[in-house]
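Undergrad: Sequence and predicted model, in that order:
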Amino acid sequence: MFTDTFQEVIGKEGVVSIVTCADGEAHVVNTWNSYLVTPDEKTLLIPAWKMRKTEGKVLQNNKVLLTLGSKEVEGRMGPGTGFLLEGTARFFKQGPGFDMMKQKFPFLTRVLEVTVTSLKQTI
């Protein structure tokens, strides 16, 4: 599912927006492209330090949207490209995946795991 262009984008620095929705309210939190880890072709692992409101929303509705991009990667119309991802999310704070992420990102308190169900290049 993760295309070469997507992998190239997450290799460049840029902002990732994570959108959750529950109780009739959307919530957006940001992180960095360089914090995304892809252990397989449909899973993103993201270090979480705060993200408490995000976690609360995910407990009520695990569907999430993410957007990300980079001006440094050629897109469909020239320099710069972006992606919209849809998926389901969960937070975890123990196990081998947590230990691996904690080594890379010592500041994390939990890991946000997103199982991607749709990946669309937007520009």
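TA: Structure's in. What do you need? These numbers come from a predicted model, not from an experiment. Numbers count the residues shown, from 1 in each chain.
Undergrad: Once you drop chain neighbours, what's closest to Ala22?
TA: The shortest distance from Ala22 to any non-neighbouring residue, by Cβ to Cβ, 6 or more residues apart in numbering, is to Gln60 (3.7 Å). Where you see a C-beta, it was placed from the backbone N, CA and C, and this is true even at glycine.
Undergrad: could you measure the nearest residue to Thr109 once chain neighbours are set aside against His27, distance?
TA: What sits nearest to Thr109 in space, not counting adjacent residues and going by Cβ to Cβ, 6+ apart, is Trp49, at 5.7 Å. If you measure Trp49 against His27 using Cβ to Cβ, to the nearest Å, the figure is 16 Å.
Undergrad: Leu65 now?
TA: 11 Å.
Undergrad: so what sits against both of these two?
TA: Shared contacts of Leu65 and His27, defined by Cβ atoms under 8 Å, 6 or more residues apart in numbering, are found at Val19.
Undergrad: ok, which stretches of this structure are helices?
TA: 4-10, 52-60, 96-104 (DSSP state H).
Undergrad: out of those, nearest to Ile123?
TA: helix 4-10 (11.0 Å; Cβ to Cβ).
Undergrad: Contact partners for Leu112?
TA: Contacts of Leu112 by Cβ under 8 Å, 6+ apart are 18, 45-48, 51, 54-55, 58, 89-91.
Undergrad: Can you spell out which residues form a bridge with it?
TA: Taking DSSP bridges as the rule, Leu112 bridges to Ile46, Phe91.
Undergrad: Make residue 1 into 25 and carry on from there
TA: Okay, using 25 as the starting number, the last item reads as Leu136.
Undergrad: Check what pLDDT it gets.
TA: Predicted confidence (pLDDT) for Leu136: 98.
Undergrad: Over to Asp47: give its phi and psi.
TA: With angles defined as degrees, to the nearest 10, Asp47 sits at phi 60, psi 30.
Undergrad: need the contact list for it.
TA: Residues near Asp47 by Cβ under 8 Å, 6+ apart: 81, 84.
Undergrad: And the strands in this protein?
TA: For the chain, strands defined by DSSP state E occupy the ranges 39-46, 49-56, 61-64, 67-72, 87-98, 103-116, 134-145.
Undergrad: Touching the third one from outside, list them.
TA: Counting by Cβ under 8 Å, 6+ apart, the neighbours of strand 61-64 from elsewhere in the structure are 26, 31, 34, 68-70, 121, 125, 128.
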